[in-house]
Each structure stands twice: as structure tokens, then as C-alpha cells.
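[1] Below is the sequence, then the predicted model.
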Amino acid sequence: MNILIIEDQTSIISDLKFNLSKLGHNVVAVTSTAEEAIKYIKDLNPDLILINVQLKGKMSGVEVFQQIEHFKIPIIFIAVFIKNCLNKSLQLPENAIILSMPIKQDHLEYCISRAF
């Protein structure tokens with residue numbers, strides 16, 4: 001499966017790449033901005049997107065999600081603390097799939113299976 005990662009922390013990116021590779025998936029691109037994410041989605045047509053809810057910078061992960069949800073690609077949200085995702089102000093979709101940190105390969109695999 002071809003996966004786009006929208007993340008701004010190098011340690012999380014490395015963890016994700018390692019675990020996704022062990023599960024037989026291909027990371028097609030990594031970005032931390034909505035603009036690049038949209039370009040990669042159009043150019044690379046990923047099967048799945050992993051996005052950090054709390055990106056640093058101009059837009060949060062949720063705001064980036066709102067810019068890309070119309071592409072109808074399954075999305076898994078990454079969160080350091082699950083309670084951050086339960087905050088109503090984040091406005092995550094009702095059936096959001098949340099991958100909590102630290103990344104555990106079996107939980108990542110479970111989240112991917114739920115996305116499809």
C-alpha cells in the first residue's frame with residue numbers, strides 16, 4: 001500500500017517509516033504542510049494518509065485534514081495523547097481512526113485494517 005505521511009517530527013517519521021516498511025507498505029512521501037500534501041495527493045494518489053493532529057506551523061493536522069478530506073482517501077490521525085483527540089474543539093470526524101504514541105506495530109497494523 002502507498003502511504004503519505006503528514007508529520008513534522010523526525011522521530012515520529014522515522015518510527016512510522018520503519019514500522020510501515022516492516023508491515024510491507026511503501027511511504028511515497030512525507031510532508032508537514034497542507035500545500036505539499038495536496039500536491040502529493042494529486043501527483044501520487046496514495047492509498048492511505050497518516051496525519052499528526054497537532055502539526056506545528058500555520059495549520060494544525062485537523063485543519064490540513066479539512067483541506068484534503070474531499071479526496072476521499074482513508075486517513076489515520078496520529079496523536080501523542082489520545083485525550084488530545086477527544087477534545088471536541090479538534091472537530092475530528094465521528095469515526096476517526098487514531099494511532100496513539102508511542103507507535104506499536106500491532107496497533108499501527110490494526111489502525112490500517114480499520115481504515116479499509
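    In hand now; what should we look at?
[2] Just checking, which helix or strand of the protein averages the lowest pLDDT?
    Taking mean pLDDT, DSSP states H and E as the measure, the helix or strand of the chain with the lowest value is helix 82-86, at a mean of 54.
[3] list the helices and strands the following helix or strand past that helix packs on?
    Following helix 82-86 in sequence order, the next helix or strand is strand 97-100 (DSSP states H and E). On a contact count with 3 or more C-beta pairs under 8 Å, 6 or more residues apart in numbering; DSSP states H and E, strand 97-100 meets strand 75-79, helix 82-86, helix 105-115. For glycine as for every other residue, the C-beta is placed from the backbone atoms N, C-alpha and C.
[4] residues contacting the residue sitting nearest the centre point of the chain?
    Residue closest to the mean C-alpha point of the chain, counted by C-alpha atoms, centre = their mean, is Leu50 at 1.6 Å. Contact analysis of Leu50 by C-beta atoms under 8 Å, 6 or more residues apart in numbering lists 3-7, 16, 75-76, 78, 99.
[5] of those, the lowest pLDDT goes to which?
    Ranked by pLDDT, those bottom out at Ile78 (91).
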